[in-house]
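Colleague: Got a predicted structure here, sequence first:
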Protein chains: 2
Amino acid sequence: MGALRLPSLSLLRPTFLPLRRLPPLSVGRATTHSLAKEAEAVTAGDGKASVSPSQQENSVTPRSVDFSAWYLDVIANAELADYGPVRGTMVIRPYGYAIWEAIQDYLNVKFKETGHSNMYFPQFIPYSFIEKEASHVEGFSPELAVVTIGGGKELEEKLVVRPTSETIVNHMFTQWIHSYRDLPLMVNQWANVTRWEMRTKPFVRTLEFLWQEGHTAHATFEEAEKEALQMINIYKDFAYEHAAIPVITGRKSKVETFAGAACTYTIEAMMGDKRALQAGTSHNLGQNFSRAFGTQFMDENGYRQHVWQTSWAISTRFVGGIIMTHGDDTGLMLPPRIAPIQVVIVPIWKKSDERTSILEAVATVQNILKEAGIRVKVDDSEQRTPGWKYNFWEMKGVPLRIEIGPRDVTNKSVVVSRRDVPGKPGKEFGVSMEASTLVNHVKIRLEEIQAALLQRAISFRDSNIVDVNSYGELKEAIAEGKWARGPWSASDAEELKVKEETSATIRCFPFEQPEGEKKCFMTGKPAEEVAIFAKSY
Amino acid sequence: MGALRLPSLSLLRPTFLPLRRLPPLSVGRATTHSLAKEAEAVTAGDGKASVSPSQQENSVTPRSVDFSAWYLDVIANAELADYGPVRGTMVIRPYGYAIWEAIQDYLNVKFKETGHSNMYFPQFIPYSFIEKEASHVEGFSPELAVVTIGGGKELEEKLVVRPTSETIVNHMFTQWIHSYRDLPLMVNQWANVTRWEMRTKPFVRTLEFLWQEGHTAHATFEEAEKEALQMINIYKDFAYEHAAIPVITGRKSKVETFAGAACTYTIEAMMGDKRALQAGTSHNLGQNFSRAFGTQFMDENGYRQHVWQTSWAISTRFVGGIIMTHGDDTGLMLPPRIAPIQVVIVPIWKKSDERTSILEAVATVQNILKEAGIRVKVDDSEQRTPGWKYNFWEMKGVPLRIEIGPRDVTNKSVVVSRRDVPGKPGKEFGVSMEASTLVNHVKIRLEEIQAALLQRAISFRDSNIVDVNSYGELKEAIAEGKWARGPWSASDAEELKVKEETSATIRCFPFEQPEGEKKCFMTGKPAEEVAIFAKSY
């Protein structure tokens, strides 16, 4: 219920401060940076309300003090999301939704390039469908939302609000698939899904969330396997190249496999608190659902066969992964390729006669960048000081800031500040306003930031994965909050014991495996692979 | 529940016909057209199954015989949608969904250009919210789907699956709106909604449907009014310029106004059977919801005021409107601007040694069109005759077909056929393959088709609206299945009497009004406006 820990708007905006009474609080370029870092008091003209950047800065709990509180503070203050009125639900606000749209835009193109069509399946599923695949019902029945009343009447058959769509997809596939020539059938939908989770957290785990779910049917196991691997690799590429999240790609253990799948592939991301986030999965469903639903085709030799299937999904949880990978004590930090705003321009003037020429320069720079395809925003509101704006847009994680003051206009130059490099080292003075020079400069900086965020995340990840050769070493690594990687060929029961004793689970058997012979750190028996253990969201 | 009236795939595809045994059924260019129109038998090599274009053609009930059956046949055979397993639900298949995506792509850009941000509100709404606005609960309570069980437990408060989001939007707006500086607040969401309709029809009225719903809050009535009008005009422009549907824009009568709105604007489209389809609405909500939810702001003078709101929506129903406006006995007919495939290329060869050069020419033409931004598809499957393909893609409403046979390759030319002009008059031979000539030709033809569809729909509409000056005349016009337009200033009770006696309702008071004095055709009293009456979907 209610708002997030800290209501962002009421803190960040002196709400009842009439525009016309506000003194023109503006500062010269030279002093701007230090002002932004100081506690600069903004006094309300009518005394009704006031806010200071120090309040503004203090509104985010430091990551090191309480990661979870930091996360909620960033979501509130960067205006990413709010709690909905129903427990565990979330309202995705425009800025948060724009990040989701960036994810959608990229993946939608990739899905179509690889031969998938978008479509839409209804969200209401007859309860009996869920019961058809044994492990599926076991996995999902505790989490279901159930519609029992429709149009004022008790329904004869209860309807499940989809937690995922494999059952209804198979029901329809049986009507569309007849011969091998109808295969492969490759579809995707962007939709909302509902899982009645008890412990929720914005973006990471909510009662209702948005996702895409791909569903495919193939004539052979090999084709389905190839598809499942292709899709997890598309997720991996997106994570690395656009979200700057160096996920580890691998196979889930049997215990952690999706309810109904033969095999689950996953991308696992290390968050800023070192906990793992399962950021996307791709399942080879084998013939589990096609046998339960009778989804068959006539092969080239005239024999009826069950289809081989996959399903794969990425959800709004990924937005949580972006926040928790890159954010810092100043707030959100967005990789340029998925940032809704890549560059914010802040005009700075002392005297009102400087205003016109500065706003003209700002408009020119804005157009230059816009035409170059850069996502740019001008913050020319007059109720806020430049220092306040710096903090606000840093909180929102905008990768680059351009400052334009009187001296810049005279010199036909701008000041460019990087979000990822605090203070002077991240600031460049005297960058020419000349179109091609400026565009080139900004594009190079954005690429540098993109690369720097990824590199930083890789270093962080690699310095927090410990190779272990005994259960003791694993316990130690997990107790330190790190990920443990070690050879594993023990039983499901032993895997569950590790979970019970350390709270860590097998995140995956990574595709990238060390060479050489391995012995299971738990049993001492030969092991084919190393597994990665970690506490997770 | 099962499939639509005629299962499309089983009829259209000889399902168990092995590829390798199929004789190469191809025909020369010169004879193609007549073949496509003849009953050309395709004999299956193994005798297991067979299909003929006559079967194919007969699978659509003629529009004139039974419009409703025709509609369902087109949806099934053009593979637009299928029934879901739950009564009244619909699966939107890739081809139907692609039309919806074309609608989304256009509107999404327009919404953003006019200052709206996308976001997402949860679909579960506490039951108590719905009850807060008196006319809203009256309008929607009979249509609600209600979740009573979550996570295996009976819920303390029942949850409504959103039928529309004004209530939850206002609940959130109260947290985000404080001062006049937070206004206007202008958001939109693309989402699914649920209304427990008793009589359903694919696209037109389904239990669950997809839509966008815009929600805005303003400081004054005038601003809200301007916004509501702006959005209905965006819908109107889309309908005319992209969907080639000459909607009539106007204001709803009080009786027909949205439950909770002060005023509803609408676009009304005339379907092929002359029934009206409400294709989009925009509501000036006044302060009805803001008073019910306490959505207030502090104005510039320091006084607390309730915000003035709008909401506006277009849904997947619009896809039904496109089908029923342009389709003919051959199937779907899509306006080029929203057609997922604008041009289909069909290669034609008699001898297998012609195959290579023809497929090379086809690939060249495909690339030329693709690079020019034209949505093009090649149907080079070898199991089908050109005649079968002609029928299939005509059924799917593809605006232009390009045929390439041996003589075309020799002459470096193609044959271009228009979907909207049957037979020889719609066919052009010897169109040069040279890139700029071909692109230019295709672009001009597509624009001509776009314009022709609109013009045809305008003529149809205008020849089926009758100006009436008495109730008798209205009854006559409605009995003929036409729309009646006449001066109206009578009471709500009299409006309901017309509905009871004729099944016609006031579709709108059109914005375009005839000049001069008017007298209500029902009461003889002075009337400000003419109203349009029609039977509707």
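Modeller: Here it is on my side, so go on.

Colleague: tell me the contacts of A:Gly272?
Modeller: Contact partners of A:Gly272, counting by CB atoms under 8 Å, 6 or more residues apart in numbering or on different chains, are A:Arg63, A:Phe67, A:Met324, A:Thr325, A:Gly327, A:Phe460. To be clear about C-beta, it is placed using only N, CA and C from the backbone, and glycine gets the same treatment.

Colleague: Out of the residues you listed, which are close to chain B?
Modeller: Near chain B, judged by CB under 8 Å from any CB of the partner chain, there are no entries from the contacts of A:Gly272.

Colleague: So which elements touch the helix ranked longest in chain A?
Modeller: Ranked by residue count, the top helix of chain A under DSSP state H comes out as helix A:435-462. If you count contacts as 3 or more CB pairs under 8 Å, 6 or more residues apart in numbering or on different chains; DSSP states H and E, helix A:435-462 packs onto strand A:263-270, helix A:317-326, helix A:352-371, strand A:400-404, strand A:413-418, strand A:427-432.

Colleague: need the helix or strand of chain A with the lowest average pLDDT.
Modeller: Within chain A, no helix or strand scores below helix A:29-37, which has a mean of 31 by mean pLDDT, DSSP states H and E.

Colleague: Under the pLDDT cut-off, which ranges of the stretch 1-150 of chain A? List them.
Modeller: A:1-58 (pLDDT under 70).

Colleague: Chain A now?
Modeller: Looking along chain A with the criterion set at pLDDT under 70, you get A:1-58.

Colleague: if we go to 50?
Modeller: Across chain A, the ranges flagged by pLDDT under 50 are A:1-55, A:57-58.

Colleague: check contacts around whichever residue of the stretch 401-537 of chain A sits closest to chain B.
Modeller: Residue of the stretch 401-537 of chain A nearest chain B, by CB to the nearest CB: A:Tyr537 (19.2 Å). Each residue near A:Tyr537 by CB under 8 Å, 6+ apart is listed here: A:Lys201, A:Val204, A:Arg205, A:Met271, A:Arg275, A:Ala276, A:Leu277, A:Gln278, A:Gly320.

Colleague: if I've got this straight, A:Val421 is in a helix?
Modeller: No - going by DSSP: H, G, I helix; E, B strand; the rest coil, the assignment for A:Val421 is coil, not a helix.

Colleague: burial count for it?
Modeller: Number of residues near A:Val421 (other CB atoms under 10 Å in any protein chain shown) recorded here: 13.

Colleague: Kindly report the same for A:Gln230.
Modeller: Applying other CB under 10 Å, we find 16 residues neighbouring A:Gln230.

Colleague: could you dump the helix or strand hosting it to PDB, C-alpha only?
Modeller: Element membership for A:Gln230 (DSSP states H and E) is helix A:221-241. Taking Å, rounded to 0.1, in the frame of the first residue of the first chain, the C-alpha atoms of helix A:221-241 are listed here in PDB:
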ATOM      1  CA  PHE A 221      14.800 -31.700 -30.600                       C
ATOM      2  CA  GLU A 222      17.900 -30.300 -32.300                       C
ATOM      3  CA  GLU A 223      16.000 -27.400 -33.900                       C
ATOM      4  CA  ALA A 224      14.300 -26.500 -30.500                       C
ATOM      5  CA  GLU A 225      17.700 -26.700 -28.800                       C
ATOM      6  CA  LYS A 226      19.200 -24.400 -31.400                       C
ATOM      7  CA  GLU A 227      16.300 -21.900 -31.000                       C
ATOM      8  CA  ALA A 228      16.600 -21.900 -27.200                       C
ATOM      9  CA  LEU A 229      20.300 -21.200 -27.400                       C
ATOM     10  CA  GLN A 230      19.800 -18.500 -30.100                       C
ATOM     11  CA  MET A 231      17.300 -16.700 -27.900                       C
ATOM     12  CA  ILE A 232      19.500 -16.800 -24.700                       C
ATOM     13  CA  ASN A 233      22.300 -15.400 -26.800                       C
ATOM     14  CA  ILE A 234      20.100 -12.500 -28.100                       C
ATOM     15  CA  TYR A 235      19.400 -11.700 -24.400                       C
ATOM     16  CA  LYS A 236      23.100 -12.000 -23.600                       C
ATOM     17  CA  ASP A 237      24.100  -9.600 -26.400                       C
ATOM     18  CA  PHE A 238      21.400  -7.100 -25.400                       C
ATOM     19  CA  ALA A 239      22.700  -7.300 -21.800                       C
ATOM     20  CA  TYR A 240      26.300  -6.800 -22.700                       C
ATOM     21  CA  GLU A 241      26.000  -4.400 -25.600                       C
END
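
Colleague: give the contact list for the nearest residue in space to A:Ala479 that is not next to it in sequence.
Modeller: Among residues not flanking A:Ala479 along the chain, A:Thr502 sits closest, at 7.6 Å (CB to CB, 6 or more residues apart in numbering or on different chains). Applying CB under 8 Å, 6+ apart, we find A:Thr502 in contact with A:Leu474, A:Lys475, A:Ile478, A:Ala479, A:Phe533, A:Lys535.

Colleague: Quick check: the fourth one vs A:Gly151, distance?
Modeller: Going back to what we said before, that points to A:Ala479. Going from A:Ala479 to A:Gly151 by CB to CB, to the nearest Å gives 56 Å.

Colleague: neighbour-wise, which of those two wins?
Modeller: Counted by other CB under 10 Å, A:Ala479 and A:Gly151 do not tie: A:Gly151 has more neighbours, with 17 against 11.

Colleague: returning to what we had before: the longest helix of chain A: which residues count as buried?
Modeller: Neighbour-count burial for helix A:435-462 flags A:438-439, A:441-443, A:445-446, A:449-450, A:453-454, A:456-457, A:461 (criterion: 16 or more other CB atoms under 10 Å in any protein chain shown).

Colleague: Does at least one residue of stretch A:82-94 sit close to chain B?
Modeller: Yes - using CB under 8 Å from any CB, stretch A:82-94 reaches chain B at A:Asp82, A:Gly84, A:Pro85, A:Val86, A:Thr89, A:Met90, A:Val91, A:Ile92, A:Arg93, A:Pro94.

Colleague: Filter the residues you listed down to the ones in helices?
Modeller: Cross-referencing the residues of stretch A:82-94 next to chain B against helices under DSSP H gives A:Pro94.

Colleague: Need the max-distance pair from the residues of stretch A:82-94 next to chain B.
Modeller: The distance between the two most remote of these (CB to CB) is 21.0 Å, for A:Val86 and A:Pro94.

Colleague: more crowded one of these two?
Modeller: The residue with more neighbours, out of A:Val86 and A:Pro94, is A:Val86; 22 against 19, by other CB under 10 Å.

Colleague: which phi and psi does the closest residue to that one other than its chain neighbours have?
Modeller: What sits nearest to A:Val86 in space, not counting adjacent residues and going by CB to CB, 6+ apart, is B:Phe124, at 4.8 Å. With angles defined as degrees, to the nearest 10, B:Phe124 shows backbone torsions of phi -90, psi 130.

Colleague: Check the burial of B:Phe124 by counting its neighbours.
Modeller: Residues near B:Phe124, counting by other CB under 10 Å, number 25.

Colleague: Show me what it is bridged to.
Modeller: Per DSSP bridges, the residues bridged to B:Phe124 are B:Val161.

Colleague: got the contact list for it?
Modeller: A:Gly84, A:Val86, A:Thr89, A:Ala145, A:Thr194, A:Leu207, A:Glu208, B:Val147, B:Leu159, B:Val160, B:Val161, B:Arg162.
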